[in-house]
Structure formats: C-alpha cells, structure tokens
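Colleague: need coordinates for the following:
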Amino acid sequence: MFQNISQSKILIVDDEEAIATLLETVLKKEGFENIKLAYTAKKGLETFKTFMPDLVLLDIMLPDGDGYELFKAFQNIKSVPILFVSAKDEEVDRLLGFAMGAEDYITKPFSPKEVAYRVKARLKYFLHSSILPDNNEQNQKKDKIIFGDISIDPESGEVLKNNIVIDFTAKEYKLLLYLSENPNRILSKEKICEAVWGEDFIGFDNTISVHIRKIRIKIEEDPSNPKWIQTVIGLGYKFVLNRREYEA
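Modeller: The predicted structure follows:
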C-alpha cells in the first residue's frame, strides 16, 4: 500500500464543503499531503477510480446518492479502510456501518483533531496488518486452507465454495481467515476484536455477531446449525476441524 503513512492517499467525500476543507486542513497539518476532495457520490466514485486512495472519509448523506451504496462500490474496486463521517448518530446507523465493514463511524459534530488521530491510527494499523504484503516475506507462500467444500487462499485473498468464488467484505474475510488459522481453539470476542478490528472490544459485541452470521450464511450448509464456526456460550467462538479434515 505505502511505506509511510504520510505518503498515503486520502479521499474525503462530503457534501459540506466547509467540513471537507476543514478535514483536509487538519490532515495536512498532521503531515498528509496527498488528499482529494469530492462533494457528490458521482464525483467521489470518479475520483476513487482514478486516485485509488489508501483511506476514505465518507459521508452517508450525499445530495446524489447514499454513502452506504458508495461504500459498496468502493470496496468492489479496491479494499481500503473506510471511515464513515455522518450526522446520523443513531445506534442502528453505527451498527449498519460497522456491519458493512467500515473501520470507524464518526458522528457530526466532531473534533477535527480526533478525526485526524483516528485516520493515523487506522493507517498505522493497516500498514502493519498481516493482511498486507510483507516485503521481507515475499518469497514465503501460505498454504491454502481447505475444509469441506470450502477453500481459502491467503495469497490471493479468495474464498471458494465448490470452486466458485464467494464474495466477502474485507472484514468478513479477515475474520474467517483468523478463525480458520486457529482451528479447534476457543477465541474470545476480545481476541477476535483485537486481531480483526485492531480495537478494544467495548461496543463491538453486535458487530462481531453480525459478521459471524454473515460468514455462516456463506460457508455453512445450515447456518442455524453451524458445523465450522461454533459459538461457545460465554466464551467466544471456535472454528472446528477434525484432524482428518485439517490434514486433508
């Protein structure tokens, strides 16, 4: 992605020009220079395609479209951390944003310095995240993880079911990969939150549950009676593989 967070490309999509400009000014004071602004969904999508940013600050209520739909369009082009910035402060809005795979949900009015801090924190996390290529390990390939009719390829980031690619959001994929790389272990929600979201667990209970439910729908024959991702009541989740399946 980039070698230094100050070199990262940031796209701000907000119909309030004053807010977008304020965010740009604060981020530039923090050392970011490669910033683009867009005030409509159409311009945001056009800019994303040509600019290919490393992080997006995205308003939900845009004059010509919905930020949630724009989020999906962005992720279909390139998986990058996206932080929602919105005046919609209801819990259901925040949960929807996180359920879609957003890295953060910031409500207006906000402290510009706090937003800059969150941007830096997200970029630092993704710079060192295990899902990014490691320049010191380019020649080390990870084996595919195969269970039942599911195949996970950590190199390509693809999940196949009966040799057909399944669509996953970045967070869904990272969560499934984390679970499958730690088979037959009870993983607490705290550990899952730290490994996948890079955050403290507080407030992420519903977010994790929503992501687990979506993954089960995609990989389980009977999502209501899961074979692979099992809930351990009061403790967390366990990705269950018997020895024969694990060594297959």
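Colleague: what's the longest helix anywhere in the chain packed up against?
Modeller: Counting by DSSP state H, the longest helix found in the chain is helix 112-128. Counting contacts by 3 or more C-beta pairs under 8 Å, 6 or more residues apart in numbering; DSSP states H and E, helix 112-128 packs against helix 17-29, strand 55-59, strand 82-86, strand 104-107. Quick note: C-beta positions are derived from backbone N, CA and C, even for glycine.
Colleague: quick one, domains of this structure?
Modeller: 5-128, 145-247 (automatic domain parsing).
Colleague: circling back: out of the helices and strands packed on helix 112-128, nearest to L11?
Modeller: Closest to L11 of the helices and strands packed on helix 112-128 is strand 55-59 (C-beta to C-beta; 4.8 Å).
Colleague: other SSEs contacting the closest one?
Modeller: Checking 3+ C-beta pairs under 8 Å, 6+ apart, strand 55-59 ends up next to strand 10-13, helix 67-77, strand 82-86, helix 112-128.
Colleague: helix or strand next in line after the last one, which one?
Modeller: What that stands for is helix 112-128. strand 145-147 (DSSP states H and E).
Colleague: which helices and strands does that following strand pack with?
Modeller: Using 3+ C-beta pairs under 8 Å, 6+ apart, strand 145-147 is in contact with strand 150-153, helix 170-180.
Colleague: would you tell me which of these gets closest to K88?
Modeller: Here helix 170-180 is closest among the helices and strands packed on strand 145-147 (C-beta to C-beta), at 20.4 Å.
Colleague: how far off strand 82-86 does the closest one point, in degrees?
Modeller: Using axes from the mean of the first three to the mean of the last three C-alpha atoms, to 10 degrees, the inter-axis angle of helix 170-180 relative to strand 82-86 is 130 degrees.
Colleague: for helix 170-180, buried residues please.
Modeller: Across helix 170-180, burial judged by 16 or more other C-beta atoms under 10 Å covers A170, K171, E172, Y173, K174, L175, L176, L177, Y178, L179, S180.
Colleague: what mean pLDDT does it get?
Modeller: Mean per-residue pLDDT for helix 170-180: 91.
Colleague: next: stretch 8-23.
Modeller: 94.
Colleague: stretch 47-66 now?
Modeller: pLDDT averaged over stretch 47-66 gives 93.
Colleague: just the CA trace of it, in PDB.
Modeller: Extracted in PDB, the C-alpha atoms of stretch 47-66 (Å, rounded to 0.1, in the frame of the first residue of the first chain):
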ATOM      1  CA  THR A  47     -12.100  10.300  -8.000                       C
ATOM      2  CA  PHE A  48     -11.800   6.900  -6.300                       C
ATOM      3  CA  LYS A  49     -11.300   5.100  -9.600                       C
ATOM      4  CA  THR A  50      -8.500   7.500 -10.800                       C
ATOM      5  CA  PHE A  51      -6.900   8.300  -7.400                       C
ATOM      6  CA  MET A  52      -7.100   4.800  -5.900                       C
ATOM      7  CA  PRO A  53      -6.900   6.100  -2.300                       C
ATOM      8  CA  ASP A  54      -5.500   4.200   0.700                       C
ATOM      9  CA  LEU A  55      -8.200   5.500   3.000                       C
ATOM     10  CA  VAL A  56     -11.600   7.200   2.600                       C
ATOM     11  CA  LEU A  57     -13.600   9.500   4.900                       C
ATOM     12  CA  LEU A  58     -17.100   9.100   3.600                       C
ATOM     13  CA  ASP A  59     -20.300  11.000   4.500                       C
ATOM     14  CA  ILE A  60     -23.500   8.900   4.400                       C
ATOM     15  CA  MET A  61     -26.000  11.600   3.300                       C
ATOM     16  CA  LEU A  62     -24.900  12.900  -0.100                       C
ATOM     17  CA  PRO A  63     -27.000  15.000  -2.500                       C
ATOM     18  CA  ASP A  64     -27.000  12.500  -5.300                       C
ATOM     19  CA  GLY A  65     -26.600   9.100  -3.600                       C
ATOM     20  CA  ASP A  66     -26.300   7.100  -0.500                       C
END
